[in-house]
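Student: Just to be clear, the model below is a prediction. Sequence and coordinates:
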Amino acid sequence: MKEPASALVVYESMFDNTARVAEAVARGLRRGGLEAHAIPVTSLASTGPFAVDLLVVGAPTHAFSLSRARTREDAVRQGAPENRAKLGMRDWIPGATPKRFGTERLVVFDTRVARVRRLPSAAGVTAARLLRRRGFRLLRKPVAFLVEGTPGPLCKGEQERAERWGQMMGAACRGEMAERTGPQ
């Protein structure tokens, strides 16, 4: 019997907003027919390799990009748990390769404050660029989910939108897999 397609959602979250989006995306991926799990980047740093069909990466936007040690320390001063500041997506990406995850398929999301929703650059854009350089291939452009303010909460309807997006990304992954393998 053929194994179901699978996805891994790797996320960075300082105030739990990106974590909530990641969990909603994983639910959507499952609704889209993939086995899916969401794991914080701080837990994933020393594990792997993995065998998944889709890698999903999510991070909060800090200073128009991925977080840095300085911006994570600032988040801790604003009330984020200290243990979340030790490793961010920017630190993790250099060790990410298609070989480590068993796929080159990638989708990316970020969270950002609603009042600056239209940013010239953001965490998702930066992560996508860095991961493409590592050999990954984007299935779709990065997407942003909105929070009310730095500590949150998520804007109304964003978790539901994240779940729908996850379901669409699951369908896109399965569709591409079917195209590449041809009729069975």
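Tutor: Perfect, I can see it now. Numbering: from 1, shown residues only.
Student: Make sure residue 25 is indeed in a strand.
Tutor: No. The assignment for residue 25, made by DSSP: H, G, I helix; E, B strand; the rest coil, is helix rather than a strand.
Student: Count the residues that sit near it.
Tutor: A count of nearby residues for residue 25, using other Cβ atoms under 10 Å, gives 30. Glycine gets a C-beta too; all of them are placed from N, C-alpha and C.
Student: so what's it up against?
Tutor: 9, 36, 38, 56, 58, 109, 162, 163, 165, 166, 169 (Cβ atoms under 8 Å, 6 or more residues apart in numbering).
Student: Mind telling me what element the fourth one is part of?
Tutor: It stands for residue 56. Using DSSP states H and E, residue 56 sits within strand 54-60.
Student: what's the next secondary structure element after that strand?
Tutor: Downstream of strand 54-60 (by DSSP H and E), the next one is helix 69-77.
Student: list the buried ones in that next one?
Tutor: By neighbour count with 16 or more other Cβ atoms under 10 Å, helix 69-77 contains the buried residues 71, 72, 74, 75.
Student: Could you measure from residue 94 over to residue 4?
Tutor: Residue 94 sits 30 Å away from residue 4, going by Cβ to Cβ, to the nearest Å.
Student: if we can go back for a sec, quick one: the strand holding residue 56 to helix 69-77, angle?
Tutor: With axes from the mean of the first three to the mean of the last three Cα atoms, to 10 degrees applied, the angle from strand 54-60 to helix 69-77 works out at 70 degrees.
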